[in-house]
Each structure stands twice: as structure tokens, then as C-alpha cells.
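Trainee: Would you be able to build a 3D model of this:
(2 chains)
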Amino acid sequence: MSSSSELITLRDLSYTYSGQTSPTLHVPEFRVNKGEELFLYGPSGTGKTTLLEILAGVLRPTRGSVEILGRDLVKMSDAERDAFRAEHMGYVFQSFNLIPYLSVQENIELPLHLSASRKARLGTVDTEMVIRALCGNLGIADLLEKKVTELSVGQQQRVAVARALLGKPDLLLADEPTSALDADHREKFLKLMFELSELYGTTVIFVSHDRSIEKLFSRSLSLESINKVV
Amino acid sequence: MVFLKLAIKSLQNRAFATTLTVISIALSVALLLTVERAKRAAEEGFTQTISKTDLIVGARSGPLQLILYTVFNMGNATHNISYETYEKVRMNPAIDWTIPYSLGDGHRGFRVVGTNQDFFKYYHYRGDRKVTLAEGQEFNDLWDVVVGAEVARKLGYKLGDRVVVTHGVTKGEGILQHDDRPFKISGILEATGTPLDRAVYMSLQGMEALHIDWQDGSAPSPDKIVPHNKLSKETLPVQTITAFFVGAKSRIETLKLQREINTYKEEPLLAIIPGATLSELWNGLSYVEGVLRMISWMVVAVGFMAMLIALTTTLNERRREMAILRAVGAKSTQIVGLLVFESALLTAVGVLSGVVVSVGLVAALKPWIETEFGLYLVGPWFTRSELLYLAITLVGGTVIGLIPALRAQKLALKDGLSVRT
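Mentor: Model prediction:
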């Protein structure tokens, strides 16, 4: 059983894509504590994104259990997993995080409209104010009314972080969100992100093939050390 | 509701394709509605070609034949009825009025009708409209004729023009011309949009005068010709007529009256109720209606295909959008909902625009359509069946939206949060 300090416990997890014979992922055991900033590295094609998608509850493992906050995602229905993700997680992609026909603010608000419990996490505070404050911290407060297409890549990624962290989720999953940024912006971006995640008590799992940023995280793991695919 | 906003903004984002799709649906719906309306107008106009007449009486033949040669200027009577019989029948106390009709001659392809002043008094069409003169006066003199609106327009006639009647209804110049009996145009009828516009009217006596010296259907030899100036309306006896219209004193007596005329002993007569025969005739033509409707539905189907293509071709470029929605917590069924909703929205806007186009066109062109095509645009804007068609179109568009929607769901499930190709 997971102790109260554990956020995620994977046991005997295995995932095989349909049409393939060997599994992409086989994780005998993997734990993440609450409040950790975990860096998972590994070359492309080693199943980093697959692992994130399993944690997000978008993919259902072929075998094993995925316990998050004491609940096993494998035992949930598809709809329950979607609702769980909406309530407890934020996700940041490598790029193209934003829906092009919505404004910056509308993009950030999106999770609140899809999940009432995510909105409830904001408490009684005015949503508009929360978003302003959050974006103030990320240095994008003046972009709220802008069209997404007018933003630079760095700005877009910060908007994506704002969306992922709105409502103080338990878990932030990030799939190489800095790979499109230059070295200077990369560090600044991560610092901003950690500032907020620490403030919110959000656990961060960050996958990348670029080890130059490793030192900024509280823990660093190679995917190969947990993925025992032969 | 967030999906309403997403759908609207997404459609706006693809404004060009959206507009084209809406236009294609709108045009097909407008066509469907307009065809239905034209069909209703045609039926209304057809069955109202003659109104307020309770019976049409002619020599015994078939009901369709009788209505065709009296009301539609088509075909010929095989027999006439004697004037004596007419006189006797019209004495029936149940009869309020009659209009005698004598046919058989033509003028440059148009039919010549011998009748009397009661024609102007009692002939009704399209409810309570009467035959009125656009100019001039009725045929008061033996050699007067009144021409229908189309006759005047096509042949460029004006008051006072001379008219030569042809024996038998022939196109162009006939072989047997009644050129010894020239008539003069005393009046031109107002356009009615009915076959009334395509005939020439004269008095019964005028009709008799044409044939007074004819025997067994052939022209008289020169020595037997009755001089023109020896004929006058007062002295000419009317021998036969072809048919007559009857207005009964009360509707209830019509059936009894019809039976009495049909069993008239001295001469075989046929009395028909025009409304019933017209409906029967119209139903005989209803396959045309069916074909038109089928074509309209095919056009609607093509409109839907355009929508299907527009939605499906954008799916690939929208996979990223779907992945983002999934990442923030959208269920795959909500993705289906979003796309179905988009199709429903497109269809609804299309249907609405189609209705506006159709109603607008009909309203704007009504006067022109009525005079030019004789279509009689009355009745409600929409009948129940037309509302049903609109509902079917709405449901159809939404159901067709399921095709790209289910495909999007499949893609979304396959893609997860990263777009795999």
C-alpha cells in the first residue's frame, strides 16, 4: 500500500501498442513522492511519452496497476480516468499547446469548463483574479486578450503552464516543453514553473532527452533504469 | 456551455469552408422548399381553374374529356347537345344559373368559344375571381369577339382589330376559313393565369352565324351562301351547344341534380362535378410531383455530402486540437459530441438560410410568378409536410455529422496526447 507521502505507485506495469508483439514499456516498480520535481531522461523512442500518457490516464496499461492518490487508474472506466485527469492533472506538450481559435484567456480557462471539480479547487476566489495572478507570476498577464497565433513559442509554453497549473492540480506532466526554447529561456521557464508548482504543492514529472537542465530538478532518473523492456 | 463556444469559434476559424457548407445546405433546402411551394401552387391553380361551378354538363363521353375540352381548351367534343335540351334542363328549379359553351372553331391556334353574357356574370376561377375586361366591352353585337389576355398579347391584338375564324382548331392558317364572316375585337380580357387567357369568346349567335349555311360539316357552294348583311343576332336561332356550366341553388342539391341530368331521357347527357374531376386529373399527374421531390432530396443529399467532405478533410489538421482537449480532460465521447454539434449547427444555419432564401424569393417574385406562369401562390408559408422535411433535414445533417465525429474519436483514442501518423 502506498504511504501518505507517495503520490504515484506503478506496479508490474506493461504496455504494448496494438499491432506490436513486444511491449514498449515494462516497469516492475516506480514511485513518485508528493512535491517531487522529477526529471526523466532518455533518448527518443524509449517510451517517455507512453509513460506520461499512462500516468495521464489516456492510455490504459496492458498489465499492472497505476495508483495515483491512492486510486488505481487501471480499474477506472475511460470516463472516470478522463474526469480524474481533468481534476488532478495538468499537461504540457512539447509544442502547439494552445487551441488556435481561442484567446489566451480562453485557453487557460479550458480545464475549468471541462471539470467542475477542477473549478471547485479554485475555491471561492474570482476566477478572473486567479488567472491574472497566475499569469502575473509567469509574466504573461498582458497577453490574456491576445490571439494565440500572435504569441512567440516561449510565450505559448508559459500560457500552457498557466493552464496546466490553474486550480492547483496534484500532478503536472510535461513532455519536453523546453525543447523549442533556447538555453536562456529554458532555465527561466523552468524556474518560473517550479516557483509555482512549489507554491501550489504540485508534483512535477518532466520528461526530456536533454540532460543540460537536469540539475534544476529535485530528482533525476533515466527511463532505462525503470523501464525493463528487453 | 463550453462546447457551444468551441464549436462556434472553431467554425468561425474555418469561416470560408463553413460559409460554403452553409451555402450548399441552404441552397438545397431552398430548392426543396421552393419545389414544394411551386407544387402546391400548381395544384391550387389547377384545381381552382374553375370555381363556384357545381356541374359541367356535356354530351355523354368521359368526365376527363368533358373537363379537358370545356375548362382546358384541350381535345374535342364528340357530340353536341341540342339547344332544346339545354333550355329544358336549365328550367330545373334546383339550378341557379348556367353558362352555355359552344366549341369547334379556332383562331390561329386558339380556341373560339361561343357563349353568352352569363359567362362574365357567373364564370369564376381561383375562389371568387371573375372574368373581367381589361379594355373594351362584351360581345354585344353579332360580329363582336372578346379575346383572352394571352391571345391579345401573342397576336398583338388591340380593340377594333379584325379576326377571321378557322373551322376546326388548327394551328396557323386553317384550310377552311370563315373569311366571309369577319369579326371585330370588342374587348380584351384581364389576364387570369388560367386557360381562359388562351381563347376567343363570342356570342352563341355569332357561332351559329358562322355555320348557318354549312351542311354536314362542309362549306356551302357559292350559290347557297347566306349574305353577311342578312344575318342579325335577333333572328338567328341557336341550334346546338357543346356544353354548359351549372350553378346550383344549394350545394346539397348538386348530387341529386347530377343524377337527374345523367339520367335525362331525351338525350344522353353527362354531368360532372368539376372539383372532383380536377383532383382526379391532378392525382393522375402526381408522378411528376414525385420526380421533382426526388430530385430535391437528391440535391439535399449532395449538400450533406459537401458538409461531410468539409468536416472530414479538416479532421486531420484538427487532431492536435483534439489532443489538447483530451489533455485538459475532455472525454472521447465529448469529442464526438463536439463534432456532431458542429454538423448540427451547420445544418441548422443552412436550413434557416434556406428558409429565408425560399420565402424571400417567393415573396419578392410572387406578382411576377402569378402573371407569367399562372402559378397561384396561396395558402400558408409552410405546410406540415414541409415542416417535416425541414425536421428530416436537420436530423439528417446531425446524423451525417456522426461519420466525421466517430472518425475523430477513433483518431483521438489512437493519438492519445501525441499526434501519431
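Trainee: list the contacts for residue B:377?
Mentor: With contacts defined as Cβ atoms under 8 Å, 6 or more residues apart in numbering or on different chains, residue B:377 is in contact with B:37, B:41, B:362, B:366, B:369, B:370. Yep, even glycine has a C-beta here, placed from its N, CA and C like the rest.
Trainee: Quick check: which ranges of chain A have low pLDDT?
Mentor: A:1-4, A:230 (pLDDT under 70).
Trainee: what residue lies at the spatial centre of it?
Mentor: residue A:173 (1.5 Å; Cα atoms, centre = their mean).
Trainee: Helix, strand, or coil at that residue?
Mentor: strand (DSSP: H, G, I helix; E, B strand; the rest coil).
Trainee: same thing with residue A:178?
Mentor: coil.
Trainee: With residue B:138 instead?
Mentor: At residue B:138, secondary structure determined by three-state DSSP is coil.
Trainee: and if you look at the one 4 residues further on?
Mentor: Three-state call for residue B:142 (three-state DSSP): coil.
Trainee: Please apply the same query to residue A:18.
Mentor: Following three-state DSSP, the label given to residue A:18 is coil.
Trainee: hang on, the earlier thing: return the members of the contacts of residue B:377 classed as buried.
Mentor: Among the contacts of residue B:377, the ones that count as buried by 16 or more other Cβ atoms under 10 Å in any protein chain shown are B:37, B:41, B:362, B:369, B:370.
Trainee: Quick check: helices, which of those are part of them?
Mentor: Of the positions in the buried ones among the contacts of residue B:377, B:37, B:41, B:362, B:369, B:370 sit in helices, assigned by DSSP state H.
Trainee: For those, name the two members farthest from one another.
Mentor: Of all pairs drawn from these, the one with the longest distance (Cβ to Cβ) is B:37 and B:370, at 12.8 Å.
Trainee: residue boundaries of the strands in chain A?
Mentor: Assigned by DSSP state E, the strands in chain A fall at A:6-15, A:25-33, A:37-41, A:63-68, A:71-72, A:89-92, A:171-175, A:203-208, A:219-222.
Trainee: Of those strands, give the one that comes closest to chain B.
Mentor: Minimum separation from chain B across the strands of chain A (Cβ to the nearest Cβ) falls at strand A:89-92, 4.1 Å.
Trainee: and of the contacts of residue B:377, the nearest to chain A?
Mentor: Of all these, chain A sits closest to residue B:362, with 37.3 Å by Cβ to the nearest Cβ.
Trainee: how about the nearest residue to that closest one, chain neighbours excluded?
Mentor: Among residues not flanking residue B:362 along the chain, residue B:37 sits closest, at 5.9 Å (Cβ to Cβ, 6 or more residues apart in numbering or on different chains).
Trainee: Please report the distance of the residue in chain A positioned nearest to chain B from residue B:301.
Mentor: Proximity of chain A to chain B (Cβ to the nearest Cβ) peaks at residue A:86, 2.3 Å away. Going from residue A:86 to residue B:301 by Cβ to Cβ, to the nearest Å gives 39 Å.
Trainee: more crowded one of these two?
Mentor: Remark: of residue A:86 and residue B:301, residue A:86 carries more neighbours, 26 against 13, as counted by other Cβ atoms under 10 Å in any protein chain shown.
Trainee: Now that one. Nearest residue, chain neighbours left out?
Mentor: Take residue A:86 and drop its neighbours on the chain: the residue closest to it by Cβ to Cβ, 6+ apart is residue B:329, 2.3 Å away.
Trainee: Quick check: nearest residue in space to residue B:353, chain neighbours excluded?
Mentor: Closest to residue B:353 by Cβ to Cβ, 6+ apart is residue B:26, at 3.7 Å.
Trainee: How about residue B:127?
Mentor: Distances taken as Cβ to Cβ, 6+ apart put residue B:51 closest to residue B:127, at 5.7 Å, once the chain neighbours are dropped.
Trainee: And for that neighbour, the neighbour number?
Mentor: Per other Cβ under 10 Å, the neighbour tally for residue B:51 reads 16.
Trainee: Next up, the contacts around it.
Mentor: Counting by Cβ under 8 Å, 6+ apart, residue B:51 makes contact with B:124, B:125, B:126, B:127, B:128, B:129.
Trainee: Pick out the residue in the stretch 51-200 of chain B sitting closest to chain A.
Mentor: Residue of the stretch 51-200 of chain B nearest chain A, by Cβ to the nearest Cβ: residue B:193 (52.7 Å).
Trainee: How about chain B?
Mentor: For chain B, Cβ to the nearest Cβ, closest residue to chain A: residue B:329, 2.3 Å.
Trainee: Would you agree that residue is in contact with residue A:115?
Mentor: Yes. The pair residue B:329 / residue A:115 is scored as a contact, 5.1 Å apart, by Cβ atoms under 8 Å.
Trainee: List, one by one, the residues from the stretch 251-400 of chain B near chain A.
Mentor: B:320-321, B:323-334 (Cβ under 8 Å from any Cβ of the partner chain).
Trainee: Tell me the buried residues within those residues.
Mentor: The buried subset of these - by 16+ other Cβ under 10 Å - is B:320-321, B:323-332, B:334.
Trainee: Check the average confidence over the helix or strand hosting residue B:84, would you?
Mentor: In this structure, residue B:84 sits in helix B:83-89 according to DSSP states H and E. Average pLDDT, helix B:83-89: 94.
Trainee: what do you get for stretch B:410-417?
Mentor: Across stretch B:410-417, the average pLDDT comes to 82.
Trainee: How far off centre is that stretch?
Mentor: A distance of 56 Å separates the centroid of the chain from that of stretch B:410-417, by Cα atoms, centre = their mean, to the nearest Å.
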